[in-house]
Each structure stands twice: as C-alpha cells, then as structure tokens.
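# Provided below for reference: sequence and predicted model.
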Amino acid sequence: MDGDRRGWRQCSLGGAVFAVCMAGTTLPTPLYSLYQEKFGFSELTVTVVYAVYAFGVIGVLLLAGNTSDAVGRRPVLLAGLGFAAASAVCFLCATGLGWLYAGRLLSGLSAGLFTGAATAYVMELAPHGGVSWATFVATAANMGGLGCGPVLAGVLAQYAAWPLYLPFAVHLALVAGSAAVLLWLPETVRERRPLSTVRPRRPGLPPQVRAVFGPAAIASFVGFALFGVFTSVSPAFLAQSLDVDNHAVSGLVVALAFFASTAGQLAVGRVGVERSLPLGCAGLFAGLALLAGALRWDLLLLVVLSALVGGVGQGLAFRGAMSAVAGASPPDRRASVISTLFVVAYAGISVPVIGVGVLTGPIGLEGAGLVFIACMAVLVSTAAVYLLRRPVGART
C-alpha cells in the first residue's frame, strides 16, 4: 500500500513537471498583440513566430525522439527544462523580433524532448496495474499544461504589472522548481546506453499501416491546424473584430480548446477507437463551421463554442488516430510510425497557420480565416467519408 501511494505521488509529480514545460509553449499566445505594438510587425509575422515552434518540435522528433530510451528519462527531461528556461530568458530579454524567433524555437525543442519522454516517464512511475490512470495523468498534463499557459499569461498581463515580463519570470521560477522535483524523482530506464549510440529515427510506413494512416494523419493534421489558428490569430480576431481587449479573456478562450481536447481524449475509452475517429472528424467539422460563423457574424459565443466543439473533436480524433495507427503497426516499427504521425500533426500547426498569415494582408483576417476553414473542411470531410466506408480499429 505504501509503495502504491509513493508510486502515485511520483507519477503525479512527473505529470506536474510535464504540465509546467507544456505551459511555457503557449505562454506567449495572449501577448502577441502587445509584441505587435512594441515591435510593429504584421499578422503574417505573428503566424511565422508561432510556427517556428512547430519546426523545433519536428526537428527533435526526427533527430532525437528516441534519446530517452538510451540515456534515460531524467537527462532528456532536464535538457527539455533547460530549453524551456532558455526560451523564457529570450522573451525576458526581447528587444527585437529575433529574440521572439529564438524563444519560440527553444520552446519547440523543449516540447519535442518532453512529448515522448515525459509521457513514457509518467506511465513508468505509476505503480503496477495503474497504466490506464497514468495515461490519463499524462494526457491531462500535456493538454492541461497547454491550456494553462494562455490563462496564466493572460491573467498576469491583464491584472499585474510588466505584462511582457512577469509571465516569463513566473514560468522561469516554475521551471526551476520542476528541475528540483525531477532531480528527486527516480530514473525508470534500467539499462542505459551512451548518447553516442543514439541514431536519428527515420519516419516510415509499413505496407499494412498505410490504409489506416491516411485518414488518421488527415484528422490529426486538421485538428492541430485548428489549434494552431486558435493560438496564433484568435487573440487578434477577438481584439480587432469583437473589441475584446482583455488578455485574460483571450487567453481563456484559447485554453478552452485544449481543455476540451483533454475531455475528448478521455472519452475515447468509452466511445471506442472505431467510432472515435469519425466522431472526431465530425467534431472538427462542426468546430470549423462554428468558427466560420464567428468570423462571418463577429460573435464571441460562436468563438467559444468553436473552441469547445473543435477541441473535443481534436481530442477524439487524435487519440483515436494514435490508437489505430499503433494497433496496425508491427511492434518493431511502431515508434517510427507514431513519430511520422506526430510529424504530420505538427506540420498542421505550422503550414496552414503561415498560410493564414500570408492571406491576411490581401484579403483580411476574416477572409483568410474562411479560406483556411474551407480547405480544412474539405480535408476532414474526405477523411470522415473514408472512415465511414472503411472503419478502423486498434489491436493494441
């Protein structure tokens, strides 16, 4: 009994460290309008600054995604916290656009190191027989941390002094505390190898995975693209079109999408993988439609509903996609296939978001958003029709 209690305490602390790191990746979201005023850059630049983060994540997933299997979880997570701290320092020292690019890239590197290693670490810290609950802890830490970042920054920026500095100073203190906690927690990898043995893991798709991977990858791409647009340009839309200048409110609206995603991921256990992917696609389509209505009629209620409905759809679709792809993959190729799915998903955060930024200049934010929604709706509808005709399941 004491061993179980200690194991759950360690599992929870590992989840808290995970949440702190992920919160740092969304911390700048409600602050972009302030940076625009300070440095005088366009909406396109906002989307590029945001997308740099995804390039950092993809680079780590491709080059060092399996490092913690060799050298241990704690060294990789400590390195991730180091990148998170360096990112906060860049934002604290920001005197120009270059600092923002550097801060976002370092944030992406930290998230790339944490995404796989922290998930595995939280599950390994749990006592025997607690895998299901540990999966919930890891999911809640990941998406909950992403949701807490905009809320923390928005509240501090709105109601405290030094809006462009205090959020990052607070996060830096949280990172330092997380490092202390991580040094206290045990290592879970028993047989460690030197860093020199680590090799880049090339994405790959065995033939038996390809039929499942296509619709799963499309749903993941659209879900992450929806999140990307929410976190990069929704604060600007709230301020310009709805006259919502309260940073706490804009941060909360963005956070709702991540919290709803957590609920959607948790619902997969009850809904089942076979139904979660098409239901997730339907939720994403509904979220896109609500967002189109919000852009067309300038209604805050539709923005909130879009975040909630689209977030649940993203959670259902992404966890269903992960389960289906993992189940169809041979054991010796599973990690490579999952890495490929993550690469596609994070491409959704970067490429469409930059496209919205490019179109904002000639046709405005509303027009760019509607073009984005139309393209994503076609993709997710195609995936949904395919999944209804050829349902997928998970063997593992």
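The structure has been received and is ready for your questions.
# Walking through the stretch 201-350 of the chain, point out its strands one by one.
Applying DSSP state E, counting those that start in this stretch to the stretch 201-350 of the chain gives no strands.
# Quick one: low-confidence residue ranges for it.
Low-confidence segments of the stretch 201-350 of the chain, defined by pLDDT under 70: 201-204, 331-333, 335-336.
# residue boundaries of the helices in it?
Assigned by DSSP state H, counting those that start in this stretch, the helices in the stretch 201-350 of the chain fall at 210-242, 247-271, 273-297, 300-328, 334-389.
# To residue 9, which of those lies closest?
Closest of the helices of the stretch 201-350 of the chain to residue 9 is helix 247-271, at 21.7 Å (criterion: C-beta to C-beta). C-beta coordinates here come from the backbone N, C-alpha and C atoms, glycine included.
# now that closest one and helix 210-242, what's the angle there?
Angle between the axes of helix 247-271 and helix 210-242 is 150 degrees (criterion: axes from the mean of the first three to the mean of the last three C-alpha atoms, to 10 degrees).
# mind listing what's buried in helix 247-271?
247-262, 264-268, 271 (16 or more other C-beta atoms under 10 Å).
# likewise stretch 92-110?
Buried positions in stretch 92-110, judged by neighbour count with 16+ other C-beta under 10 Å: 92, 94, 99-110.
# For residue 370, state which of those is nearest.
Scanning the buried residues of stretch 92-110 for proximity to residue 370, where the rule is C-beta to C-beta, the winner is residue 104, at 26.6 Å.
# which helices and strands sit right next to the helix or strand harbouring the closest one?
Element membership for residue 104 (DSSP states H and E) is helix 97-125. Packing contacts for helix 97-125, counted by 3 or more C-beta pairs under 8 Å, 6 or more residues apart in numbering; DSSP states H and E, involve helix 2-26, helix 32-39, helix 43-64, helix 67-71, helix 73-92, helix 131-159.
# Quick one: mean pLDDT for it?
Summarised as a single mean, pLDDT over helix 97-125 is 93.
# What angle do helix 43-64 and it make with each other?
If you take the same axes, to 10 degrees, helix 97-125 sits at 40 degrees to helix 43-64.
# Kindly calculate the angle that helix 97-125 makes with helix 334-389.
90 degrees.
# how far does helix 97-125 sit from the chain's center?
In terms of C-alpha atoms, centre = their mean, to the nearest Å, the centre of helix 97-125 is found 10 Å from the chain centre.
# can you check stretch 7-18 too?
Relative to the mean C-alpha coordinate of its chain, stretch 7-18 is positioned 20 Å out (C-alpha atoms, centre = their mean).
# Contacts for that stretch next, please.
Applying C-beta atoms under 8 Å, 6 or more residues apart in numbering, the external contacts of stretch 7-18 come out as 77, 81, 114, 118-119, 121-122, 125-127, 130, 134, 137-138, 140-142, 145, 178, 181-182, 185-186.
# Next: stretch 374-388.
The contact list for stretch 374-388, computed with C-beta under 8 Å, 6+ apart, reads 214-215, 218-219, 221-222, 225-226, 277-278, 281-282, 284-285, 288-289, 352.
# 6 Å - rerun?
With contact meaning C-beta atoms under 6 Å, 6 or more residues apart in numbering, stretch 374-388 is reached by 215, 218-219, 222, 225, 277-278, 281, 284-285, 288.
# Ok, stretch 216-231 next?
With C-beta under 6 Å, 6+ apart, stretch 216-231 has contacts from 29, 254, 257, 280-281, 284, 310, 314, 317-318, 321, 324-325, 344-345, 348-349, 352-353, 376, 379-380, 383.
# just stretch 21-33 next, same as before
Stretch 21-33 is contacted from outside by 46, 80, 84, 107, 110-111, 114, 142, 145-146, 148-150, 153-154, 157, 167, 171, 231, 235, 239, 247, 250-251, 254, using C-beta under 6 Å, 6+ apart.
# May I have the residues that are in contact with residue 73?
117, 121, 188-189 are the contacts of residue 73 under C-beta under 6 Å, 6+ apart.
# cool, and residue 298?
241-242.
# The one 4 residues further on too?
For residue 302, the contact set (C-beta under 6 Å, 6+ apart) comprises 290, 293-294.
# Then residue 288?
By C-beta under 6 Å, 6+ apart, the neighbours of residue 288 are 373, 376-377.
# Can you add pLDDT and distance to residue 361 and give those residues back as JSON lines?
JSON lines is the format used below for those (pLDDT from 0 to 100; distance: C-beta to C-beta, whole Å):
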{"residue": "373", "pLDDT": "95", "distance to residue 361": "18"}
{"residue": "376", "pLDDT": "96", "distance to residue 361": "20"}
{"residue": "377", "pLDDT": "95", "distance to residue 361": "23"}
